[in-house]
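Chemist: have a look; sequence and predicted model below, questions after that.
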Amino acid sequence: MRSAELLLEGFNNIRGVVHAAVEGLTPDQLAFRVDDEANTIGWLVWHLTRVQDGYVAEMGGTEPVWTSLGFADRFGLPFEASVSGYGQSPEEVGAVRVTADDLIAYFGAVHERTVRFVKPLTDADLDRVVDRSWDPPVTLGVRLVSVTTDDLQHAGQAAFVRGLVQRRSSV
């Protein structure tokens with residue numbers, strides 16, 4: 001198995017968790033908050049997708065799917081198209097009101113671009129430095145692993161909140 005195949009397995013695992021966390025939920029369920037400052041399923045999945053989209057676009061020298069395929073307009077969120085969720089306030093988190101279909105469509109488009117980007121990578125490609133602002137500098141391989149771990153963490157959080165939503169609905 002090649003390194004790129006291992007990375008693809010990680011990204012495919014993210015896809016499975018995202019779909020399981022989002023599919024079939026209403027906008028209100030996607031916006032459920034455990035408390036007034038908690039992240040919602042909708043925000044978590046939007047954010048993890050924006051992060052993956054941004055990094056893959058940057059590393060591939062392309063425009064993010066968010067803007068290039070019109071998802072920023074489609075979602076109509078009340079912030080600049082460049083916002084990915086980092087450092088957002090609880091009020092901003094709460095402003096992410098979305099549908100499951102839109103989240104899955106955006107995630108799917110980003111996943112497809114990620115697969116196209118990662119699939120042909122060689123081990124030598126993964127050694128290329130993509131960010132010199134860190135010590136040591138960050139390689140393409142390290143950045144891709146970082147994206148998968150961050151995304152899996154957020155997808156797992158979304159899955160946890162979905163469990164709370166479902167439990168709440170059955171009580």
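Modeler: Ah, there it is.
Chemist: give me the distance from the biggest helix by length in the chain to the chain's centre.
Modeler: Scanning the chain for the longest helix, with DSSP state H as the assignment, gives helix 140-170. Helix 140-170 has its average C-alpha position 9 Å from the chain's average C-alpha position, going by Cα atoms, centre = their mean, to the nearest Å.
Chemist: just stretch 73-93 next, same as before
Modeler: Relative to its chain's centre, stretch 73-93 lies at 13 Å (Cα atoms, centre = their mean).
Chemist: end-to-end on it?
Modeler: End-to-end distance for stretch 73-93: 18 Å, by Cα to Cα, to the nearest Å.
Chemist: buried ones in that stretch?
Modeler: Judged by neighbour count (16 or more other Cβ atoms under 10 Å), stretch 73-93 contains these buried residues: Phe75, Leu77, Val83, Ser84, Gly85, Gln88, Val93. In short, each C-beta sits where N, CA and C put it, glycine included.
Chemist: verify the stated contact: the first one with Thr99.
Modeler: In this case it means Phe75. No: counting by Cβ atoms under 8 Å, Thr99 is not a contact partner of Phe75; they are 9.3 Å apart.
Chemist: before we move on, back to that, taking the buried residues of stretch 73-93 one by one, which sit in strands?
Modeler: Counting by DSSP state E, these place none of their members in strands.
Chemist: as TSV, those residues with distance to Val51 and pLDDT would be great.
Modeler: Formatted as TSV, the buried residues of stretch 73-93 follow (distance: Cβ to Cβ, whole Å; pLDDT from 0 to 100):
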residue	distance to Val51	pLDDT
Phe75	15	97
Leu77	15	97
Val83	11	97
Ser84	6	96
Gly85	7	96
Gln88	12	97
Val93	15	97
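Chemist: for the helix or strand harbouring Leu8, give the mean pLDDT please.
Modeler: In the assignment (DSSP states H and E), Leu8 maps to helix 3-22. The average pLDDT within helix 3-22 is 97.
Chemist: how far off centre is that helix?
Modeler: Computed by Cα atoms, centre = their mean, the chain-centroid distance of helix 3-22 equals 11 Å.
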